[in-house]
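K.L.:
here are the coordinates; sequence isn't available:
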Ligand SMILES: C[C@H](O)[C@H](O)[C@H]1CNc2nc(N)[nH]c(=O)c2N1
Ligand SMILES: N[C@@H](Cc1ccccc1)C(=O)O
Ligand SMILES: [Fe+2]
């Protein structure tokens, strides 16, 4: 796992993590900005989950406060981790209905977008939908599959997670709405997904998703769109591993994103 540039906090003897005034101020600014930004752009299930969480605006929440909402709702818990964790650890946690939360927060100068999952991304981005039965069931099934999968199959599973839990969108009568936590925690990418003409929106098809390469360091150029969040129940019941074998035999799509080493002016 790439070494992180962030320092995660450890709890004191009573399990409480003490954040600085500066870190709490970043949380305050970020949650107020992003709450305004997701209005009319996040799906209704997410907004319902966010109300259940009742996240503080003044300070970074303690993990036990999140668990008091998640556990009764869907049996999930959040689990403290230092930063990005290995596939083994990640899948083991999800298979046990434990969602990894790295206890650091982004810097002031990366408020709108950062490449690593900070506590705002995990709590504001993902935990609201962990109160939703379809999303929770899909994430749990995903963890169980990943825990038992080979490294090669895990590469395919990562794409499924990426284009749903992280960057998934839904169709709704009022237009597209976001459910992916990777967009919902980023003011920059929430606007990118709605205002920019860069992104391509594709109907969710599991084989296409499994074959679509992605970069983790840019705002996404491709999003996959489900018709309903309950489609996640159906996907969880699919023979995902058989689809992975099919995707492997068909091969990956050619990347549409600019090459990583391309400098700004020649990145198309
Ligand atoms: C499997 C998934 O696509 C992704 O690569 C994993 C790896 N490790 C992680 N580690 C943390 N803390 N948070 C995450 O979301 C992930 N995502
Ligand atoms: N880019 C997201 C964080 C994120 C990191 C890694 C994967 C997905 C999302 C944000 O700025 O909030
Ligand atoms: Fe995430």
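P.N.:
Done, it's in. Please read all numbers here as calculations on a predicted model, not as lab measurements. Ligands and ions are numbered 1, 2, ... in the order given.

K.L.:
helices or strands up against the helix or strand harbouring residue 155?
P.N.:
Per DSSP states H and E: residue 155 is located in helix 151-161. Secondary-structure packing of helix 151-161 (3 or more CB pairs under 8 Å, 6 or more residues apart in numbering; DSSP states H and E): helix 87-95, helix 133-147, helix 206-211, helix 240-250. Backbone N, C-alpha and C define where each C-beta goes, glycine included.

K.L.:
so where is the stretch 1-150 of the chain shaky, pLDDT-wise?
P.N.:
1-4 (pLDDT under 70).

K.L.:
now the strands for it?
P.N.:
77-81, 98-102 (DSSP state E, counting those that start in this stretch).

K.L.:
and those strands, which is most packed in?
P.N.:
Ranked by mean neighbour count under mean count of other CB atoms under 10 Å, those are led by strand 98-102, which reaches a mean of 21.

K.L.:
does ligand 2 sit close to it?
P.N.:
No. Legend: contact between strand 98-102 and ligand 2 by CB under 6 Å from any ligand atom is lacking; minimum distance shown is 10.0 Å.

K.L.:
which neighbouring elements make contact with the longest helix belonging to the chain?
P.N.:
In the chain, with assignment by DSSP state H, the single longest helix is helix 21-38. Counting contacts by 3+ CB pairs under 8 Å, 6+ apart, helix 21-38 is packed against helix 119-120, helix 187-195.

K.L.:
other residues contacting it?
P.N.:
19, 46-47, 55, 57-60, 105-108, 111, 120, 124, 178, 184-187, 190-191 (CB atoms under 8 Å, 6 or more residues apart in numbering).

K.L.:
touching the helix holding residue 155 from outside, list them.
P.N.:
87, 91, 142, 145-146, 149, 206, 209-214, 240-241, 244, 247-248.

K.L.:
quick one: contacts of the helix or strand that it is followed by?
P.N.:
Downstream of helix 151-161, the first helix or strand assigned by DSSP H and E is strand 169-170. For strand 169-170, the surrounding residues in contact (CB under 8 Å, 6+ apart) are 43, 176-180, 183, 193, 201, 223-229.
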